[in-house]
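S.K.: sequence and predicted model, in that order:
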Amino acid sequence: MPLQLFRGSILHCLQDPGDSLHSRDAPYFEDGGLLVAEGRVQAVGSYSDFQSSFTEDTEVIDYSGKLIVPGFVDTHIHFVQTDIIASYGEQLLSWLEKYTFPAERAFADNEHAIAVAEFFIEELLRNGTTTALVLGSVHPQSVDAIFSAAQRKKMRLIAGKVLMDRNCPECLRDTPETGYSESRELIERWHHEARLSYAITPRFALTSSPQQLQRSAELAAEYPDVYVHTHLAENRAEVAEVAKLFPEARSYLDVYDRYGLLRDRSMYAHGIHLDADDRKRLAETGASVAFCPSCNLFIGSGLFDLKTAWEFGIRVGLGTDVGGGPTFNMLQVLCDAYKVAQLNSFSLSPYRALYLATLAGAEALRIDDRIGNFAAGKEADFIVLDPGATPLLQRRTSLTDDITDKLFALIMLGDDRAVWATHLMGNRVMLGT
Ligand code: GUN
Ligand code: ZN
């Protein structure tokens, strides 16, 4: 059996490393080896431990001087908003009207969907993201395009067609019935196909009628291992509108709860404006939250309370939320996560930051038996970070031998230039310059 042995500094998380700066839950091998066979991790350890077990079939790939970590897991991103990333001046509801809906209209054109999907997957890989939970547009072919592009790279991806039947332009509306049947067809076509999974995706409570939420829940009940993916309590004006449309609900979260949409394998983006009952309910139903700090700052929505979410036992993943978020790069999103936590008097430790971008995302998506770290048997999705990617990074990281300090500097100063290579199932799919 051909073996690949990747040599370099190696760091991963076995579980939530907590606040410690010397966590045993984040093993580090200064001169490490990652042994991969048929796309899966065989073992990880010190490079010297592997030297005795070389066979003729062992190929050594030398990344000495670089840092190998698990690939990033982006738990909330819109591929159909690629072309409006970094659009000026609006907050959520007017941003949707002015930039987002017009951009999503263009996905009625299949050629456009295919071209954007190709670009989007390349951009994820260039930024070190190896798994993502993705929203398409209302058009089912947008989801065919993104799944096809991911499949060509053998990438693990979860996606769904957006469901919207009100409060958006006529040309972007489906109905409770067409939304249900189109989603069902996509599930039958793609769910469990290679590394792909489907997410039933009502956009948010403002753009789905009660009937559509009802049909979404019925579909979810028919397919218990399909995901549910939506937005929750992101912006104050949005929360006020939801209260008007659903006066019977106790809270925004309660709207989804009443329709039976809270379960494990459900992902709620943002969750900024919540109370203790909401948090308790998220935790006890096994629903997950996607923390998207770069988007929350960029469109001015508010500060997510990460510490409290963790205290309640909620599973939290990290998301770029492109195009509301202005970057594809999870290092930059972690840098914003750190600042948002600081404003809540909570310091996100470097190891916990790495955890958030990797294993925590896998846990939130219930795929931590397959990805998220280098435990034996997991899929070998990993990235190679360059601590000397820019003159400033080179200067800052060469001044320290301490991996904790180096990692923190990489997170604070890194961007796509720090992602040297990306591997999916052991195969290199991106090499930087
Ligand atoms: N809420 C409903 N739709 C969207 C969207 O496209 N982006 C963000 N950030 N929030 C939303
Ligand atoms: Zn979003």
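M.R.: Perfect, thanks for sending it. Ligands and ions are numbered 1, 2, ... in the order given.

S.K.: residues near the nearest residue to residue 70 once chain neighbours are set aside, how many?
M.R.: Computed as Cβ to Cβ, 6 or more residues apart in numbering, the closest residue to residue 70 that is not its neighbour in sequence is residue 358, at 4.3 Å. For glycine as for every other residue, the C-beta is placed from the backbone atoms N, C-alpha and C. One way to gauge burial is a neighbour count; for residue 358, by other Cβ atoms under 10 Å, it gives 30.

S.K.: list the contacts for residue 318?
M.R.: Contacts for residue 318 were tallied using Cβ atoms under 8 Å, 6 or more residues apart in numbering; they are 73-75, 290-292, 330, 333-334, 337, 356-357, 360-361.

S.K.: for it, what are phi and psi?
M.R.: According to degrees, to the nearest 10, the main-chain angles of residue 318 amount to phi -110, psi 140.

S.K.: neighbours around residue 51, how many?
M.R.: When counting by other Cβ under 10 Å, one arrives at 10 neighbours for residue 51.

S.K.: which one of the contacts of residue 318 is nearest ligand 1?
M.R.: Taking Cβ to the nearest ligand atom as the measure, residue 292 is the one of those closest to ligand 1, at 7.1 Å.

S.K.: surely that closest one and residue 333 touch.
M.R.: Yes - Residue 292 is within contact range of residue 333, at 7.5 Å (criterion: Cβ atoms under 8 Å).

S.K.: which one's more surrounded, these two?
M.R.: residue 292 (33 against 30).

S.K.: for that one, give me the pLDDT.
M.R.: At residue 292, the pLDDT value in this model is 99.

S.K.: not counting its neighbours along the chain, what's nearest residue 404?
M.R.: Counting by Cβ to Cβ, 6+ apart, residue 404 lies nearest to residue 21, which is 5.0 Å off, once chain neighbours are set aside.

S.K.: swap that for residue 166, sorry
M.R.: If the residues on either side of it in the chain are set aside, residue 166 comes closest to residue 209, at 5.4 Å by Cβ to Cβ, 6+ apart.

S.K.: could you do residue 223 as well?
M.R.: Nearest residue to residue 223, sequence neighbours excluded (Cβ to Cβ, 6+ apart): residue 187, at 5.8 Å.

S.K.: tell me the secondary structure at that neighbour.
M.R.: Local secondary structure at residue 187 is given as helix here, using DSSP: H, G, I helix; E, B strand; the rest coil.

S.K.: residue contacts, it?
M.R.: With contacts defined as Cβ under 8 Å, 6+ apart, the neighbours of residue 187 are 198, 200, 219, 223, 226.

S.K.: can you check residue 22 too?
M.R.: When the contact criterion is Cβ under 8 Å, 6+ apart, the partners of residue 22 are residue 404.

S.K.: report all helices and strands that the helix or strand hosting residue 362 contacts.
M.R.: Element membership for residue 362 (DSSP states H and E) is helix 359-364. Using 3 or more Cβ pairs under 8 Å, 6 or more residues apart in numbering; DSSP states H and E, the elements in contact with helix 359-364 are strand 72-78, strand 288-291, strand 315-318.

S.K.: buried sites along that helix?
M.R.: Using 16 or more other Cβ atoms under 10 Å as the test for burial, helix 359-364 gives 359, 360, 361, 362, 363, 364.

S.K.: need the pLDDT of the closest residue to ligand 2 within the stretch 151-300 of the chain.
M.R.: Of all residues in the stretch 151-300 of the chain, the one sitting closest to ligand 2 is residue 269 (4.8 Å; Cβ to the ion). The predicted local distance difference test score for residue 269 is 99.

S.K.: please enumerate residues in contact with the host helix or strand of it?
M.R.: Secondary-structure element containing residue 269, defined by DSSP H and E: strand 266-270. The contact list for strand 266-270, computed with Cβ under 8 Å, 6+ apart, reads 75-76, 133, 199, 227-234, 253, 256, 282, 285-292, 295-296, 301, 304, 317, 319, 321, 364-365.

S.K.: dump stretch 310-325 to PDB, keeping only the CA atoms.
M.R.: Listed in PDB are the C-alpha atoms of stretch 310-325, where the atom choice follows Å, rounded to 0.1, in the frame of the first residue of the first chain:
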ATOM      1  CA  TRP A 310     -19.800  27.700  25.500                       C
ATOM      2  CA  GLU A 311     -20.900  28.000  29.100                       C
ATOM      3  CA  PHE A 312     -24.400  26.900  28.100                       C
ATOM      4  CA  GLY A 313     -22.800  23.900  26.200                       C
ATOM      5  CA  ILE A 314     -23.800  25.100  22.800                       C
ATOM      6  CA  ARG A 315     -21.800  23.700  19.900                       C
ATOM      7  CA  VAL A 316     -20.200  26.600  18.100                       C
ATOM      8  CA  GLY A 317     -18.500  26.600  14.700                       C
ATOM      9  CA  LEU A 318     -16.800  29.500  12.900                       C
ATOM     10  CA  GLY A 319     -18.100  31.000   9.700                       C
ATOM     11  CA  THR A 320     -16.900  33.600   7.200                       C
ATOM     12  CA  ASP A 321     -20.400  34.400   6.000                       C
ATOM     13  CA  VAL A 322     -19.100  35.600   2.700                       C
ATOM     14  CA  GLY A 323     -20.500  38.000   1.200                       C
ATOM     15  CA  GLY A 324     -21.800  39.700   4.400                       C
ATOM     16  CA  GLY A 325     -18.300  38.800   5.700                       C
END
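
S.K.: pull the distance from that stretch to the chain's centre.
M.R.: With Cα atoms, centre = their mean, to the nearest Å as the basis, the distance from the averaged C-alpha position of stretch 310-325 to the chain average is 8 Å.

S.K.: near ligand 1 at all, that stretch?
M.R.: Yes - residues of stretch 310-325 contacting ligand 1 under Cβ under 6 Å from any ligand atom: 321, 324.

S.K.: quick one on the thing from earlier: what residues are shared contacts of residue 292 and residue 333?
M.R.: With contacts taken as Cβ under 8 Å, 6+ apart, residue 292 and residue 333 have 318, 319, 320, 325 as neighbours in common.

S.K.: close to ligand 1, is stretch 207-215?
M.R.: No - applying Cβ under 6 Å from any ligand atom, one finds stretch 207-215 separated from ligand 1 by no less than 7.0 Å.

S.K.: quick check: buried residues in that stretch?
M.R.: Using 16+ other Cβ under 10 Å as the burial criterion, the residues of stretch 207-215 that qualify are 207, 208, 209, 212, 213, 214, 215.

S.K.: need the contact list for the fourth one.
M.R.: In other words, residue 212. 163, 165, 175, 176, 179, 202.
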